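A structural model of the following input is requested.
(chains A and B)
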There are 2 protein chains.
Amino acid sequence: MSRASVAGRPRPSFAGWLGKTNDITRTFLSAGRIPGLINMGGGLPEPATFPVAEIARIAGEVVAAHPGEVLGYGPIEGLPELRDALARRFSGPTTRLTRENVFITSGGMQGLDLLGKVLIDEGGLIAGQFPTYLGALDAWRPRQPSFRNMQLEDPAFDAQAALAGAQFAYAVPNFSNPTGRMVDLVTRKALVDAAHRTGTWLVEDDPYGLLHYDGDPLPRLIDISAGMAPAPTYAGPVIYMGTLSKEIAPGLRIGWVIAAPEMIEALTMAKQGSDLCTSGLTQRVALAALEAGLIERIQPTILATYRARRDALCAAMQAELAGWFEWEVPVGGMFVWAVARDPALDTDLLLPHALDAGVCISPSSVFDATGRNRRAIRINFTLNEPERLAEGVRRLAVALTKMQARRS
Amino acid sequence: MSRASVAGRPRPSFAGWLGKTNDITRTFLSAGRIPGLINMGGGLPEPATFPVAEIARIAGEVVAAHPGEVLGYGPIEGLPELRDALARRFSGPTTRLTRENVFITSGGMQGLDLLGKVLIDEGGLIAGQFPTYLGALDAWRPRQPSFRNMQLEDPAFDAQAALAGAQFAYAVPNFSNPTGRMVDLVTRKALVDAAHRTGTWLVEDDPYGLLHYDGDPLPRLIDISAGMAPAPTYAGPVIYMGTLSKEIAPGLRIGWVIAAPEMIEALTMAKQGSDLCTSGLTQRVALAALEAGLIERIQPTILATYRARRDALCAAMQAELAGWFEWEVPVGGMFVWAVARDPALDTDLLLPHALDAGVCISPSSVFDATGRNRRAIRINFTLNEPERLAEGVRRLAVALTKMQARRS
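Residues are numbered from 1 along each chain as shown, chains lettered A, B, ... in the order given. Below is the predicted model:
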């Protein structure tokens, strides 16, 4: 999209980045409305897990109890009581957080957008964990950064070299999107140590942290950092991002950033020109939900549901796709990452065949800043019931067979 | 703010625009919490006009009635039924709007932010109506545009020259922020005609349209444009922006953009990387409020309240400030714009004296991309009751007297 025209009259060009964007996220969000399609492409939660009755009650109550706050403008940084509640929630033995460490965003995506606004000038370098979250690439593209792969899984990984010269490093340590992998403890410590030594900001994006199905959790990067340099108010290089989208419901559009106060100040300047403040209604609902222990109450159901679906997906894949792809069973998150055994298999070409067969998956190219990784697919297991996951996998096998028949 | 450091370790520089920003909007939003201060600086509504009981009832109802939509992710462009309702609301005899013309934003500010994202590359030209809305300057600063004043009130105003070469022209035709002036009909027609001839996008920002206290409204730019080139779906150069913030309540953070479908498509790509979608909860509340006729039900109270406050402010100013300032009584909006009689009076210097005296007003520099206009102030009359407005004006007179005493 470079030059627009209406009724024959030329309009000014759109900004340069629009010519380099993708619309696959939009495809995922709207794929739910194609009749009969099995959508395993997006990262959507199971709506049956939403605590509908509790939120309906809370929503009415907070408007009546806090009308000025819910219906008026609020502080850019977020509702003070919600910031306090999150500071308490994420404090630990050495991680001392106050309100000044906490910033409320209109969903997790806004945290990524604002981070780009405050740290990226054109050409600025981001050290990424590739393949990486598609939405982060979407958020930063308008600021035209350059990217370098940190190579986290290289046995010779050198954290200081990986971070050197970057405005920030971006990682999803828990059940990374798209690969579903955990960053191991040694690498976590190396990343944090390198951030302390180089001064580079280190972004810990953690939307999936509570979606942990097997084994024990590993410490957060921000907790490792706080342990390295104890302070009465956290002032280190880690920028931790969280969201209610996977833990309660995405429709509230409530996320948060926990970081050094100087970063919260900069994000505040950026949010002032983005949306002034997040809705007082959704913030008050989020606070009441946290205080009522809603996350803890619904988490066992969410975990049991998603664990069973992961197992069903992997069993179906083993039966239908093992000849084409290989994968690891993820211990958490929402996705299985499957890499083609045949290096010539192009998953960008697979997508239209899959849609024809009635199933949507994500091709690997969208998780790569260069678009060159075309050998893998990401399959979501949280949105669909086990039988539908199995049917989706069968449809994918049909698409693969058809594509192969056409090539040979 | 150019280089950050924590605990002695240097961090990467913040993005360049952060060194050029202001934090006066933040001062306004937080000034409400300084004890005893009379805040006439911001553009805040009177909370007593919020329809609290109705919104409390609606909020609970929509969660229960539409749980998947309210609590799940929704389409980036907005809730289809809300887009339809706004298309109907803003259609007219020649203005034919469909869902494809309507885009939902997280408050009016987000429309400005996204417009900058899709139209501005560094150095791109914006034709502005200076002095102009501070928030628009905040929204576009991160994209580093250049500005040119359209000189709308110059008797020799040449609309085609004013628009030539610009990515877009930006105007607040109804009760402009900060001046409170209406753009007259001749100038409206000239602007729209020039937009049609040059192809330049013409932004009609209309947050105050319904806050009209005296006389008749003038036609919207988008209606003039639709009349010039009738089409089954509006496809002209005007980008109309509205919001519920002044008409119902800002805390819902619901705004909208009405424009040609190609612009809605571009904004959709931009919003995907900004916040994915606006909260389903606040969108459903907005739709139910529109369908219940809430705007029409509360408008008479809002108009009577604000008209009386405007009159009280202007009477107090006549008694206390006529020696220092001159102004026009605005026929709508939220502000009186007062220009110092003495060209040497510097309103940036007045602000700290005013805050010392217990009153907040906006100095003119913040409404000017260059910061050079320092001769005027903007005074808000919507937030405070008549007696408090009069007391605020007395405090301002005290500040002026003290500042003059120090200078002489």
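
Near chain B, which residues of the stretch 151-300 of chain A? Just list them.
Residues of the stretch 151-300 of chain A lying close to chain B (C-beta under 8 Å from any C-beta of the partner chain) are A:166-168, A:196, A:199-201, A:229, A:231, A:235-237, A:245, A:249-253, A:260, A:262-263, A:265-266, A:268-270, A:272-282, A:285. All C-beta atoms are positioned from the backbone trio N, CA, C, and that covers glycine.

pLDDT averaged over stretch A:338-349, what's the number?
Stretch A:338-349 comes out with an average pLDDT of 95.

Using CSV, list the CA coordinates for that stretch.
Below are the C-alpha coordinates for stretch A:338-349, written out as CSV (Å, rounded to 0.1, in the frame of the first residue of the first chain):
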residue,chain,number,x,y,z
ALA,A,338,6.2,-28.0,14.0
VAL,A,339,9.2,-27.9,11.7
ALA,A,340,9.0,-29.6,8.3
ARG,A,341,11.3,-32.6,7.8
ASP,A,342,11.7,-31.6,4.2
PRO,A,343,13.7,-28.3,4.0
ALA,A,344,12.0,-27.6,0.7
LEU,A,345,8.5,-27.6,2.2
ASP,A,346,7.2,-23.9,2.0
THR,A,347,4.6,-23.3,4.7
ASP,A,348,3.6,-20.0,3.1
LEU,A,349,2.4,-22.1,0.2
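
Pull out the buried positions in it.
A:Ala338, A:Val339, A:Ala340, A:Leu345, A:Asp346, A:Thr347 (16 or more other C-beta atoms under 10 Å in any protein chain shown).

could those go into CSV alongside secondary structure?
Formatted as CSV, the buried residues of stretch A:338-349 follow (DSSP: H, G, I helix; E, B strand; the rest coil):
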residue, secondary structure
A:Ala338, strand
A:Val339, strand
A:Ala340, strand
A:Leu345, coil
A:Asp346, coil
A:Thr347, helix
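
Need the max-distance pair from these.
The span of the buried residues of stretch A:338-349, defined through C-beta to C-beta, is set by A:Ala338 and A:Asp346 at 14.2 Å.

In helices, which of the residues of the stretch 151-300 of chain A next to chain B appear?
With DSSP state H as the criterion, helices contain A:196, A:262-263, A:265-266, A:268-270, A:272, A:280-282, A:285 from among those.

Give me the buried entries from the residues of the stretch 151-300 of chain A next to chain B.
Among these, those scoring as buried are A:166-168, A:196, A:199-201, A:229, A:235-237, A:245, A:249-253, A:260, A:262-263, A:265-266, A:268-270, A:272-282, A:285 (criterion: 16+ other C-beta under 10 Å).

Could you break chain A into its assigned domains?
Recorded structural domains for chain A (assignment: automatic domain parsing) are A:15-44+A:296-407, A:52-292.

Quick check: which ranges of the stretch 251-400 of chain A have low pLDDT?
Scanning the stretch 251-400 of chain A for pLDDT under 70 picks out no residues.

where along it do the helices fall?
A:261-272, A:280-291, A:294-320, A:347-357, A:386-407 (DSSP state H, counting those that start in this stretch).

quick one: which of these is nearest A:Thr49?
helix A:294-320 (5.1 Å).

list the helices and strands the closest one packs on?
strand A:325-327, strand A:335-340, helix A:386-407 (3 or more C-beta pairs under 8 Å, 6 or more residues apart in numbering or on different chains; DSSP states H and E).

so is A:Tyr73 in a helix, a strand, or just coil?
Following three-state DSSP, the label given to A:Tyr73 is coil.

if I pick A:Gly135, what's in contact with it?
Contacts for A:Gly135 (C-beta atoms under 8 Å, 6 or more residues apart in numbering or on different chains) come out as A:Thr25, A:Met109, A:Leu112, B:Gln272, B:Gly273, B:Leu276.

hmm, back to that, specify which member of the ones in helices among the residues of the stretch 151-300 of chain A next to chain B is nearest to B:Met317.
Within those, the smallest distance to B:Met317 is 29.2 Å, found for A:Gln272 (C-beta to C-beta).

That closest one contacts A:Ile76, correct?
Yes - here A:Gln272 reaches A:Ile76: they are 5.3 Å apart, a contact under C-beta atoms under 8 Å.

Tell me where the stretch 101-250 of chain A has strands.
With DSSP state E, counting those that start in this stretch, the ranges of strands along the stretch 101-250 of chain A come out as A:102-105, A:125-128, A:146-149, A:168-171, A:201-205, A:238-243.

if you look at the third one, does any of it touch chain B?
Just to be clear, that refers to strand A:146-149. No - applying C-beta under 8 Å from any C-beta, one finds strand A:146-149 separated from chain B by no less than 13.7 Å.

and that strand, which residues are buried?
Neighbour-count burial for strand A:146-149 [16+ other C-beta under 10 Å]: A:Phe147, A:Arg148, A:Asn149.

That strand pairs with which strands, and in what direction?
strand A:125-128 (parallel) (DSSP bridges).

Could you give the average pLDDT over the partner strand?
Rounded mean pLDDT across strand A:125-128 is 97.
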